[in-house]
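[1] Here is my input, please return the structure:
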Amino acid sequence: MFRLTAVALLALSLTAGCGEGSFPVAPAPPPPPPLPVSVTVGPDDAAVVSGGRLQYQAVSTSTVTGWLWSLSDAARGSISSDGILTAAGPGPVQVKACAANAPAICGAVAATVVAAPASGGAPVVALSPAVANIALGQTVEFMAGAVNFTTPGWTWLSLDGATASIDANGLLTARRAGFAVVVACASSQPHYCASAQVQVH
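    Numbering: from 1, shown residues only. Now for the predicted structure:
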């Protein structure tokens, strides 16, 4: 008589499973479905003064060779091949970007063109965009215009530099989620200023 150790029993079990009558191997699970392609356009919900300009950006989860830009209403202005909106008539408009290599891949955001201050009145600073909603890491170029006065340049300030910083040329960079206020003051007359609201998401 002899005794089978636990190791021997395990070896016999494995050997028996390798011949006929062994259990079939389960098939590999199917690969997960591909993620849907998305396009993010920014800034969103921007308010642009008539005659002002605003740079738009588009980012996709797919490979894109370039973007085709368009506006839903030509009366509101025009947009260049590199995404620069030039505002014209006041009113709402949709800014759309489609992939040049796949025109079905598109994204769009809303914008509003607001009337510029009337000339011949009190000195006013016209700031574009007046409102901006942008994604983390995106940039927006702000523009200031002097109405009924002159100035050689502008002083730019972000009231929350940790959320959105702005350089001496009015280029704002989104740093973290939150809200910030951009202020532009005439360098020749610092009491002539305008502000814009920025939301980073």
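[2] Neighbours of L68, how many?
    Applying other CB atoms under 10 Å, we find 14 other residues in the vicinity of L68. All C-beta atoms are positioned from the backbone trio N, CA, C, and that covers glycine.
[3] does it really touch P103, like I thought?
    Yes: counting by CB atoms under 8 Å, P103 is a contact partner of L68 at 6.8 Å.
[4] Can you give me the distance of G51 to A87?
    Distance from G51 to A87, counting by CB to CB, to the nearest Å: 6 Å.
[5] Also S38?
    Between S38 and A87 the computed distance is 27 Å (CB to CB).
[6] and these two? which has more neighbours close in?
    Each of S38 and A87 has its neighbours counted (other CB under 10 Å); A87 has more, 27 against 11.
[7] Could you check the pLDDT of that one?
    pLDDT, A87: 92.
[8] Please apply the same query to P36.
    Value listed for P36 in the pLDDT field: 72.
[9] Over to the nearest residue to T139 once chain neighbours are set aside: give its phi and psi.
    Once flanking residues are discounted, T139 sits nearest to T173: 5.1 Å by CB to CB, 6 or more residues apart in numbering. Dihedral pair for T173: phi -120, psi 130, per degrees, to the nearest 10.
[10] Tell me who's in contact with T173.
    Applying CB atoms under 8 Å, 6 or more residues apart in numbering, we find T173 in contact with 137-139, 164-166.
[11] residue contacts, the nearest residue to V93 once chain neighbours are set aside?
    Of all residues not flanking V93 in the chain, R76 sits nearest, at 3.8 Å (CB to CB, 6+ apart). In this structure, R76 makes contact with 87-93, 111, 113, judged by CB under 8 Å, 6+ apart.
[12] which among these end up buried?
    87-88, 90, 93, 111, 113 (16 or more other CB atoms under 10 Å).
[13] Show me those that map onto strands.
    87, 93, 111, 113 (DSSP state E).
[14] which of the contacts of T173 has the most neighbours?
    Most crowded among the contacts of T173, counting by other CB under 10 Å, is A164 at 27 neighbours.
[15] Only the buried residues of stretch 166-183, if you could.
    Buried-residue list, stretch 166-183, by 16+ other CB under 10 Å: 166, 170, 172-175, 180, 182-183.
[16] Which is the succeeding secondary structure element to the helix or strand of the chain with the lowest mean pLDDT?
    Least confident helix or strand of the chain, by mean pLDDT, DSSP states H and E, is helix 6-16 with a mean of 47. Next along the chain after helix 6-16, taking DSSP states H and E as the criterion, comes strand 39-42.
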